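1. coordinates only, sequence not included:
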């Protein structure tokens, strides 16, 4: 009799347990998006100036992707592409937007809106740079909680190159839709990395029973670079290395918070950068082995180091040469979380099989469009084997600056050029005459893209 009386209780407990287990199957998402970090700034991508054990650990727990791209190597364009899954040509978010800029139009859904509509708790802690008007700020674009700067940390009155212009606009620190610091100063900048990290950890601690999306777009290592007193001088190798140590600490704190709360096995962590280093700033800039850097469509600008950790889905301690792009992250994450894609058309594709390294996996896109500002400059084949540059001007470093002062660029031009990225990843030899059919195919794709998005 007692056994029969207990059966309903066992069934109820089982149903609750199953319900919780089902909830756990929807993964949490953490995206750490650095600003102007060089491809070689962290192991296992290059010979680093300073050891970053937490990033190294993250790579050991996930996969390091060596052929990850962004569609434009400039702040606002890169961020909007990540959040919307769209090429800059579609959204018309080009370059780096300043104060009061419209930014990403509300007709293009952000990750915050997509996942928030599906029941996720959402947050952004860091640099927004996708619009500085009431309807285009984070609180209006699907993020439940937020803190940080609306645009780049060099857009302030202490900007050495144009202080009169930037002096008109105080650099403000926002929190949950309200200004909490009317004018950020040098001392405030030292705490940006720490504030973003502390908010992210607190958010994770408070959302253990609900799936969440946490977007952490750090202001660093974009110039002017700062770190807190705890890290200043710690590396013994200069301020940039100190900044890297604090960013490494940030990654470690977030990873530890997930583990402490028993969430790490059901959390996707993505760490990458919006573009390559701003090499004009010399010892205050990162490193890339590739041609040119930020502000160009050469690989030094558009190829970013990327690490993704997702236990059980991505093999730990691996390295991948699969090619995919930041615009693919939104549809891939939607697929993993079984969240509907946005209602507006997007350009990214589900790249999960590539990310997982499935044998025979192929990129679902024929090409990735590359641009600088509102200028469409070329395409990368979907498999990453070929890159076509259309004729365009570009900047190349003449002389690097030092200790926070910019150096000098030269203006060069490139004619139509095809590069074999499998054998010439540094883009040194134009092989159009050797592979005319491939060149024709990519030129056709480029012309179709240009006609569709740049015909106005």
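-> Cool, the structure landed. These numbers come from a predicted model, not from an experiment. Residues are numbered from 1 along each chain as shown.
2. Report the buried residues of stretch 182-196.
-> 184, 188, 189, 190, 191, 192, 193, 194, 195, 196 (16 or more other C-beta atoms under 10 Å). No exception for glycine: its C-beta is placed from N, CA and C like everyone else's.
3. Could you pull out the buried residues of the helix or strand where residue 58 lies?
-> Using DSSP states H and E, residue 58 maps to helix 53-61. Residues 54, 55, 56, 58, 59, 60, 61 are the ones in helix 53-61 that count as buried (16+ other C-beta under 10 Å).
4. Return the closest of the buried residues of stretch 182-196 with respect to residue 241.
-> Within these, proximity to residue 241 (C-beta to C-beta) peaks at residue 193, which comes in at 14.0 Å.
5. Show me what the helix or strand containing that closest one is in contact with.
-> Following DSSP H and E, one finds residue 193 within helix 192-206. Outside helix 192-206, the residues within contact range by C-beta atoms under 8 Å, 6 or more residues apart in numbering are 30, 121, 123, 125-126, 145, 147-149, 153, 212, 214, 216, 218-220, 226-228, 243, 246-247, 249-250, 253-254, 257-258, 261, 263.
6. Show me how far that helix is from its chain's centre.
-> Helix 192-206 sits 18 Å away from the centroid of its parent chain (C-alpha atoms, centre = their mean, to the nearest Å).
7. start at 54 instead
-> Fine by me, first position is 54 from now on; the one you just mentioned is helix 245-259.
8. Of the contacts of helix 245-259, grab the buried ones for ChimeraX.
-> Applying 16+ other C-beta under 10 Å to the contacts of helix 245-259 leaves a buried subset, and the ChimeraX line that selects it is:
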select :83,174,176,178,179,198,200,201,202,206,265,267,269,271,272,273,279,280,281,296,299,300,302,303,306,307,310,311,314,316
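9. Among the contacts of helix 245-259, which lie within helices?
-> Within these, residues falling in helices by DSSP state H are 296, 299, 300, 302, 303, 306, 307, 310, 311.
10. For the stretch 254-403 of the chain, which segments are assigned as strands?
-> Applying DSSP state E, counting those that start in this stretch to the stretch 254-403 of the chain gives strands spanning 265-270, 320-326, 356-362, 371-378.
11. JSON lines please, covering these and showing distance to residue 400.
-> Compiled in JSON lines, the strands of the stretch 254-403 of the chain are given as follows (distance: least, C-beta to C-beta, whole Å):
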{"stretch": "strand 265-270", "distance to residue 400": "20"}
{"stretch": "strand 320-326", "distance to residue 400": "18"}
{"stretch": "strand 356-362", "distance to residue 400": "18"}
{"stretch": "strand 371-378", "distance to residue 400": "9"}
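12. Among those strands, single out whichever gets nearest to residue 488.
-> Of the strands of the stretch 254-403 of the chain, nearest to residue 488 by C-beta to C-beta is strand 371-378, at 17.9 Å.
13. I'd like to check what contacts the closest one. Which residues are they?
-> 97, 115-124, 401, 404, 407-408, 410, 414, 416, 418, 421, 433, 435-437.
14. Which ones among the residues you listed map onto strands?
-> 116, 117, 118, 119, 120, 121, 122, 421, 433 (DSSP state E).
15. Format these as CSV; extra columns: distance to residue 393.
-> Listed next are the ones in strands among the contacts of strand 371-378 as CSV, based on distance: C-beta to C-beta, whole Å:
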residue, distance to residue 393
116, 27
117, 31
118, 26
119, 32
120, 29
121, 25
122, 26
421, 24
433, 29
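16. Selecting buried members of those in PyMOL, what would you type?
-> Here is the PyMOL command that selects the buried residues among the ones in strands among the contacts of strand 371-378 (16+ other C-beta under 10 Å):
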select buried, resi 116+117+118+119+120+121+122+421+433
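17. of the ones in strands among the contacts of strand 371-378, closest to residue 288?
-> The closest of the ones in strands among the contacts of strand 371-378, once distances to residue 288 are taken by C-beta to C-beta, is residue 117, at 22.2 Å.
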